[in-house]
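Asker: need a 3D model of the following:
(one chain, ligands or ions: 1)
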Amino acid sequence: MLSITKSFHFEAAHRISDYDGACQYLHGHSYKLEVTISGKEMVKGDMLMDFKILKSLVNKIAIEPWDHALILKDNEINHSEFDHLNGKTYWMETEPTAERMVLHLSEQLAGLLPQGFSVRRVKLYETDSCFAEYENIH
Ligand SMILES: Nc1nc2c(c(=O)[nH]1)N=C([C@H](O)[C@H](O)COP(=O)(O)OP(=O)(O)OP(=O)(O)O)CN2
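Answerer: Numbers count the residues shown, from 1 in each chain. Predicted coordinates for the structure are as follows:
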């Protein structure tokens, strides 16, 4: 199986509303994201997929909505505390943990990939030493 990987960076703020510790407070991260897709054969010349195509897909579903955004769980407490802010807010059904963001991105990307391609791995670093990873081992 052949695969390609593209790295991305984005800045975002979030808080884990249901958390007993510092992460319950609004804070930011310089996220690093690595996305790997795989396919059985090269469909375009000698490329599995043009890196530019992978970039545009990930930009659409993750970088554009998340970069410089406030990422929050769509719940009552967050709406009461943050609705007055005049900014870019991305509301999630779940807490915006690294794990949930990785799963969200993996599912969205899987729905956009052309036939014959699959999401192989998505790795999201919140900090230099903390990351969540989704790996499709099939
Ligand atoms: N499994 C998860 N645990 C935690 C998450 C998460 O998304 N998934 N998120 C947080 C906080 O939001 C924060 O990003 C992590 O903070 P912290 O543990 O302090 O990270 P550091 O790299 O700064 O850790 P140090 O070891 O203190 O350097 C918390 N947990």
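Asker: CA only for contacts and neighbour counts going forward, please
Answerer: OK.
Asker: isn't there a helix covering V102?
Answerer: Yes. Counting by DSSP: H, G, I helix; E, B strand; the rest coil, V102 is part of a helix.
Asker: quick one: it and K123 touch, right?
Answerer: Yes. Using CA atoms under 8 Å, V102 is in contact with K123, at 6.9 Å.
Asker: got any residues that touch both of the two?
Answerer: Common contact partners of V102 and K123 (CA atoms under 8 Å, 6 or more residues apart in numbering): A132, E133, Y134.
Asker: can you lay out these as a markdown table showing neighbour count and distance to A69?
Answerer: Shown next, in a markdown table, are those (neighbours: other CA atoms under 10 Å; distance: CA to CA, whole Å):
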| residue | neighbour count | distance to A69 |
| --- | --- | --- |
| A132 | 17 | 20 |
| E133 | 18 | 22 |
| Y134 | 18 | 23 |
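Asker: neighbours around the residue in the chain that the ligand sits nearest to, how many?
Answerer: The ligand sits closest to T97 of the chain, with a gap of 3.4 Å, by CA to the nearest ligand atom. T97 has 19 neighbouring residues, counting by other CA atoms under 10 Å.
Asker: ok, now S80?
Answerer: 9.
Asker: give me the phi and psi for the residue in the chain sticking out farthest from the centre.
Answerer: Largest separation from the mean C-alpha position in the chain: G45, at 29.2 Å (CA atoms, centre = their mean). Note on G45: its backbone torsions stand at phi 60, psi -120 [degrees, to the nearest 10].
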